[in-house]
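Return atomic coordinates for the entry below.
(chains A and B)
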2 protein chains.
Amino acid sequence: MELGGNLADAPQDAPRLSRRAAQVRDAALTLWARNSYRGTTMKDLAEAVGLRVPSLYNHIGSKEELLEEIMFSTMNELLEKYDAATTGTSDPAVRLRLGTEAHVLFQSAHQREAFIGNREIVSLPPASRQRLVQLRDDYEDRFRQTIEDGAARGIFHVRSQQLATYAVLGMCNSVAAWFDPGGPLSVEEVAREYGLLSLQLAGYRGETQSRPR
Amino acid sequence: MELGGNLADAPQDAPRLSRRAAQVRDAALTLWARNSYRGTTMKDLAEAVGLRVPSLYNHIGSKEELLEEIMFSTMNELLEKYDAATTGTSDPAVRLRLGTEAHVLFQSAHQREAFIGNREIVSLPPASRQRLVQLRDDYEDRFRQTIEDGAARGIFHVRSQQLATYAVLGMCNSVAAWFDPGGPLSVEEVAREYGLLSLQLAGYRGETQSRPR
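As a prediction, this is how the structure comes out:
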């Protein structure tokens, strides 16, 4: 697994957009992460990119369509990263560690998307909200199945596999809120340590503190 | 420790307010949790309680003062609950478990306050933002000191005490986002399980899965 991969290839995962449309999308990520989707007007967005509101619509559909595009591309990319990181191994300990690492790498490399993704599901219209919740449930299922599998094999030890799943995901999701790209720890260091912490959380009793990579 | 205590005495912790002022505060919690502080106008707030905007100011100072009151009373209550739960014991394992339980009880009993508290620090004016960040750091220090103490005594095993602290707090904070008061698990059950998960996360190797209470 190439730990730096998420950062290097992130732009390729974004949809192909004109330069101006990409600027609008980028400004929306910044404004929505800071002030929320509902707290940001199209006028705010237009001003952030030096356009007037009518011109904005030359580059995006509606505010709601932009939210949908951001929410679905974020969730789909997270699913792809998880699947790419964990493919080829059925060992629950390895899957939990690599899945956690992939999730943390994503959260720290895409802080605005992660923050918006966690918070703005309620802002989607009902039909797409339902589709997004389904994708999120599919994602959560991967972690839960891994934890259930490890418990069934006797290598994980938790009383509630559901709560352990929420705890691992909560631990990982919070990285988007505190990670500082200019701080002392690289995304790779944080991801690696969280991978080991997820094993401890799941009651894994194999070696985690000095595991060779 | 009386686990149900947080729920039963929560109203006593809120400031003494007139019935109308309490309604306004309650509506602000709901609207800000859903639409964010910046995404909620005073007109939205007035409509939610059946008043006109000028009348609203008979019951509260400014929107910013209401935010400050909510943010500081929430943070101070969290500190008090933590200190009450962990007083009288110096055993890091017991402190981590009881502190985590207190945090989760608070998060699940005060979901709107917790959600707003996590998100709206940036909306405070600079001077009070600095004071609140100091309180939050004081709170985080309690967990970090407990983890450092446990590591020094050889009962916790983590490579980064700082990251383990963030992981425990992230795991706990996320409860406010998913906890369903009408769901299958009580706040006490969730708190107890998270207390045990925090010990596992910290690499505690004593008994956690069948610990008698």
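
ok, which stretches of chain A are strands?
Counting by DSSP state E, no segments of chain A form strands.

for it, what spans make up the helices?
Using DSSP state H, the helices found in chain A span residues A:5-13, A:19-35, A:42-48, A:53-56, A:63-86, A:92-109, A:111-119, A:126-152, A:161-173, A:175-178, A:187-201.

Nearest spatial neighbour of A:Lys63, chain-adjacent residues omitted?
In this structure, A:Lys63 finds its nearest non-sequential neighbour in A:Met42, 5.9 Å apart by CB to CB, 6 or more residues apart in numbering or on different chains. All C-beta spots, glycine's among them, are computed from the backbone N, C-alpha and C.

for the one you found, what are its contacts?
Taking CB atoms under 8 Å, 6 or more residues apart in numbering or on different chains, we find A:Met42 in contact with A:Val53, A:Leu56, A:Lys63.

Look up how far B:Val94 lies from the second one.
Okay, so that is A:Leu56. From A:Leu56 across to B:Val94, the span is 57 Å (CB to CB, to the nearest Å).

okay if I get the helices of chain A as CSV plus distance to B:Gly99 and mean pLDDT?
Formatted as CSV, those follow (distance: least, CB to CB, whole Å; pLDDT from 0 to 100):
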stretch, distance to B:Gly99, mean pLDDT
helix A:5-13, 33, 39
helix A:19-35, 30, 92
helix A:42-48, 40, 95
helix A:53-56, 48, 93
helix A:63-86, 31, 96
helix A:92-109, 24, 96
helix A:111-119, 24, 88
helix A:126-152, 24, 96
helix A:161-173, 15, 96
helix A:175-178, 19, 87
helix A:187-201, 16, 97
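
Among those helices, single out whichever gets nearest to B:Tyr139.
Among these, helix A:175-178 comes nearest to B:Tyr139, with 13.7 Å by CB to CB.

Alpha carbons of the closest one, as CSV, please.
Written as CSV, here are the backbone C-alpha positions of helix A:175-178 (Å, rounded to 0.1, in the frame of the first residue of the first chain):
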residue,chain,number,x,y,z
VAL,A,175,-9.2,13.7,12.4
ALA,A,176,-10.7,16.1,9.8
ALA,A,177,-11.5,18.5,12.7
TRP,A,178,-8.0,18.7,14.3
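
residues in contact with that helix?
The set of residues external to helix A:175-178 that reach it, using CB under 8 Å, 6+ apart, is A:104, A:107-108, A:110-111, A:114-115, A:118, A:190, A:194, B:118, B:166, B:170.

Centre of the chain to it, how far?
Relative to its chain's centre, helix A:175-178 lies at 11 Å (CA atoms, centre = their mean, to the nearest Å).

And stretch A:169-185, how far out from the chain middle?
Stretch A:169-185 sits 11 Å away from the centroid of its parent chain (CA atoms, centre = their mean).

need the contact list for A:Val49.
By CB under 8 Å, 6+ apart, the contact list for A:Val49 reads A:Arg20, A:Gln23, A:Val24, A:Ala27, A:Leu56.

Distance check, the third one against A:Tyr166.
Okay, so that is A:Val24. 35 Å.

now do the first one
Separation of A:Arg20 from A:Tyr166 (CB to CB) stands at 40 Å.

of the two, who's got more company?
Higher neighbour count among A:Arg20 and A:Tyr166: A:Tyr166, with 23 against 16, using other CB atoms under 10 Å in any protein chain shown.

so how many other residues sit close to the residue nearest to that one when sequence neighbours are not counted?
In this structure, A:Tyr166 finds its nearest non-sequential neighbour in B:Trp178, 6.0 Å apart by CB to CB, 6+ apart. When neighbours are counted by other CB under 10 Å, B:Trp178 registers 14.
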